[in-house]
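Need coordinates for the following:
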Amino acid sequence: MITRPSPASVPNRRPVARVDVVGVPMDLGADRRGVDMGPSAIRYARLKESLEKLGIAVTDHGNLRVPVPESATIDEASAKYFPIIKAVCDELAGLVHEIVGAGGFPLVLGGDHSIAMGTIAGVARARGKAPGVIWVDAHGDINTPLTSPTGNVHGMPVHFALQEHAVDPSRMVFIGLRDVDDGEKRAIRELGVRAFAMSDIDRLGMSAVVDEALAIVAGGENSVHVSFDMDGVDPQEAPGVGTPVRGGITYREAHLLMERVAASGTLGSLEITEINPILDSENRTAILAVELILSALGKTTL
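So this is what the prediction gives:
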């Protein structure tokens, strides 16, 4: 049975007044190079100008410094480059903490999905508790160094968010899954995380899925973090990703997801990850990312 948030449980929607943009050009968490250019691609797609047209003040903090693989050491094959990734995520957490403390809305641009560890840690520190998390992705990203078949840390951030940053499994939802490793399936079942595979979206419809997701994760204003991997969207709409999987979220489903989250008034932070301009066509994936950011921050048709 689908549980929908009652009107009393959803706060009045307030427009976001200020967005603080942080770029994290991280590609140490993935095998394929190129996602380090994701923040630049999103900015090039007129992110700042588009937000300002909504009446939102934008502060762009630039990019964090991230070592390139050629200057780094893999360290452990089961979690490649983890000490370096953790150091960057710690710096990101500190900046996100400052942004939230100053009343800003953190918009983090990846980079591979390992950066979510830093975003979530910073939000949790600033608010005194971990946010509820909506994780939009084709993949589970909940491998451990022991279960990962690749050792790539971008497949592990959910595990670390749950273990180290006090994210409550009962306040986390996956949306768009369609390529999940066996170890991840076990972890999702054992932890009791609500997961909507693409078959669930087909069966229930995106509107019902988002309603149930918000009923699970939301706890008032600024209580929800959306971590959006662009490979959650079907590669026909978002070709510029490193790990595309056919049969993903459609263009309209992706916008509906963001529109429903915006209308709930509970969104407190957002990150967009895994855009690879090398694999893209005319910056289509970054342009779509900007459109989705605008929907999440209140842009409507009427």
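
Pull the residues that contact stretch 289-302.
Where contact means CB atoms under 8 Å, 6 or more residues apart in numbering, the residues beyond stretch 289-302 that reach it are 13, 15-16, 19, 42, 45-47, 50-51, 54, 56, 105, 107, 226, 228, 230, 254-255, 258-259, 261-262, 267, 270, 272, 275. C-beta coordinates here come from the backbone N, C-alpha and C atoms, glycine included.

Just the buried ones from the residues you listed?
16, 19, 42, 45, 47, 50-51, 56, 105, 107, 226, 228, 230, 254-255, 258-259, 261-262, 267, 270, 272, 275 (16 or more other CB atoms under 10 Å).

Among those, which lie within strands?
Judged by DSSP state E, strands contain the following of those: Val19, Phe105, Leu107, Val226, Phe228, Leu267, Leu270, Ile272.

and the nearest residue to Glu253 once chain neighbours are set aside, how far is that from Gly242?
Among residues not flanking Glu253 along the chain, Met206 sits closest, at 4.3 Å (CB to CB, 6 or more residues apart in numbering). Distance of Met206 to Gly242, given as CB to CB, to the nearest Å: 24 Å.

For the least confident helix or strand in the chain by mean pLDDT, name the packing helices and strands.
Sorted by mean pLDDT, DSSP states H and E, the helices and strands of the chain end with strand 75-76, the least confident at a mean of 86. Secondary-structure packing of strand 75-76 (3 or more CB pairs under 8 Å, 6 or more residues apart in numbering; DSSP states H and E): helix 82-101.

what pLDDT, on average, does the helix it packs on get?
Average pLDDT, helix 82-101: 97.

the helices in the stretch 101-250 of the chain, which residues?
For the stretch 101-250 of the chain, the helices defined by DSSP state H, counting those that start in this stretch cover 116-127, 157-164, 182-191, 198-204, 206-217.

Residue nearest the middle of the protein, spatially speaking?
Ser227 (1.6 Å; CA atoms, centre = their mean).

Let me know the closest of the ones in strands among the buried ones among the contacts of stretch 289-302 to Glu91.
Minimum distance to Glu91 across these is 16.8 Å, recorded for Leu107 (CB to CB).

The closest one and Glu271, how far apart?
7 Å.

which intervals of the protein have sub-threshold pLDDT?
Residue ranges of the chain with pLDDT under 70: 1-14.

mind redoing it with 80?
Applying pLDDT under 80 to the chain flags the ranges 1-15, 165.
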